[in-house]
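Trainee: can you look at this prediction? I've put the sequence above it.
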Amino acid sequence: MNPYLTYTDEVREALALSKPIVALETTIISHGMPYPQNIEMARKVEAIIRAEGAVPATIGIMDGKVKIGLNEQELEAFATNKHVDKVSRRDFPYMLSSGRIGATTVSATMIGAALAGIHVFATGGIGGVHREGETTMDVSADLTELARTNVAVVCAGAKSILDIGRTLEFLETHGVPVVGYKTDEFPSFYARESGYGVDFRLDEPAQVADMLRTKWELGLEGGAIIANPVPVESALKQEEIEGVIQQALNEAKEQRITGKKVTPFLLARIKELTAGRSLETNIALVYNNAKVAAQLAVALKASK
Ligand code: PSU
Ligand code: MN
């Protein structure tokens, strides 16, 4: 057993019995949503995964350990503690050696999941190439992680705060399959549409599981994006969100927000500018991703 990892009893048992497990990130809790919606979301997402017959493993860093699964008290800490760092691959070793508390992004959660032997992960949206990324070089570490770590990420696509076209180009270059789950169009998080296609469409968890198994049995390292659009009833229209996104981006630029502060700033501003509607959409799409990820984790175990 890896000395840097600790497990909840539920996850340890699931690993020992080779039960389906779904990894969850903590950045979405600590830096992606306000309290108390964040803790409600974190609890309900775990319940959704259990209801589908899989075990949730929310991942975060605390006390010099990568926690694979969090108890209620630890979940509360990630939801309320004001000193939680945001951790990507770069930050991972220092977070452990310093004993600080760190919320894992998509990239860091993939690392923790892979170390624990978990290959399915549910989140909201992935980071990507930022708009004007061709000059700022702001490209999320999520993309390079997807290129190298064997974890399938179920998400609602990438937010249009990003340059979706360049994000998809980067993923193609790095060999990351982008699967449309019951969709031909790559979704843009708040909206079901983006104007960009997916690499291929699959409509059944078993088909996604077969594709992943084939990829990994061939030794083709890296993850995959399972792009699952937000449910129709919770979706915002691309046109209605574009103005808000543009305003939030302008404010970030004026206030010289850079580095890892950019994404949390934009999420919080978009929530304010939509009077909370973006947050409702965000929560709905996370629940939908958790359900599909659990079905995929079950299908992966069944297809062995
Ligand atoms: N998208 C959301 N909420 C989030 C994030 C993305 O809707 O909280 C987080 C994820 O943890 C993702 C990270 O990995 O933002 C990307 O940050 P950056 O752009 O700094 O790489
Ligand atoms: Mn960045």
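Mentor: Structure's in. What do you need? Ligands and ions are numbered 1, 2, ... in the order given.
Trainee: every contact and neighbour count from this point should use C-alpha atoms.
Mentor: OK.
Trainee: got a list of what residue 8 touches?
Mentor: Residues near residue 8 by CA atoms under 8 Å, 6 or more residues apart in numbering: 67-71.
Trainee: touching ligand 1 at all, the lengthiest helix in the chain?
Mentor: Looking across the chain with DSSP state H, the single longest helix is helix 277-302. No. On the criterion CA under 6 Å from any ligand atom, helix 277-302 is out of touch with ligand 1, staying 6.5 Å away.
Trainee: does residue 63 touch residue 102 like I think?
Mentor: No. Counting by CA atoms under 8 Å, residue 63 sits too far from residue 102 to count as a contact (9.6 Å).
Trainee: residue 190 contacts residue 230, correct?
Mentor: Yes. The criterion here is CA under 8 Å, and residue 190 meets it with residue 230 at 6.9 Å.
Trainee: give me the common contacts of these two.
Mentor: Taking CA under 8 Å, 6+ apart as the contact rule, residue 190 and residue 230 both touch residue 281.
Trainee: hey, what's residue 7 bridged with?
Mentor: Beta-bridge partners for residue 7, by DSSP bridges, are residue 68.
Trainee: what's the burial count for it?
Mentor: Number of residues near residue 7 (other CA atoms under 10 Å) recorded here: 19.
Trainee: what separation is there between it and ligand 1?
Mentor: Distance of residue 7 to ligand 1, computed by CA to the nearest ligand atom, to the nearest Å: 21 Å.
Trainee: what's the nearest residue to residue 107 if we skip its chain neighbours?
Mentor: Excluding its sequence neighbours, the residue lying closest to residue 107 (CA to CA, 6 or more residues apart in numbering) is residue 142, at 4.5 Å.
Trainee: number of residues surrounding the one you found?
Mentor: Other residues within reach of residue 142 by the criterion other CA under 10 Å amount to 20.
Trainee: show the pLDDT at it.
Mentor: We have a pLDDT of 98 for residue 142.
Trainee: which residues touch it?
Mentor: Residue 142 makes contact with 88, 105-107, 126-128, according to CA under 8 Å, 6+ apart.
Trainee: so which of these are in helices?
Mentor: 106-107.
Trainee: buried ones from the contacts of residue 142, can you make that a PyMOL selection?
Mentor: In PyMOL syntax, the buried subset of the contacts of residue 142 is picked out as below (16 or more other CA atoms under 10 Å):
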select buried, resi 88+105+106+107+126+127+128
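Trainee: who are the contact partners of residue 97?
Mentor: Applying CA under 8 Å, 6+ apart to residue 97 gives the contacts residue 64.
Trainee: same check on the one 5 residues further on?
Mentor: Neighbour list for residue 102: 60-62, 84-87, 95 [criterion: CA under 8 Å, 6+ apart].
Trainee: partner residues bridging it?
Mentor: Beta-bridge partners, per DSSP bridges, of residue 102: residue 61, residue 85.
Trainee: distance check, the spatially closest residue to residue 267 that is not a sequence neighbour against ligand 2.
Mentor: Nearest residue to residue 267, sequence neighbours excluded (CA to CA, 6+ apart): residue 32, at 6.6 Å. Remark: distance between residue 32 and ligand 2 (CA to the ion, to the nearest Å) = 14 Å.
Trainee: one more: residue 218?
Mentor: 32 Å.
Trainee: what's the neighbour count on residue 43?
Mentor: For residue 43, the neighbour count with other CA under 10 Å is 14.
Trainee: element containing it?
Mentor: helix 37-51 (DSSP states H and E).
Trainee: now for that helix, which elements pack on it?
Mentor: helix 27-30, strand 55-62, helix 72-80, helix 277-302 (3 or more CA pairs under 8 Å, 6 or more residues apart in numbering; DSSP states H and E).
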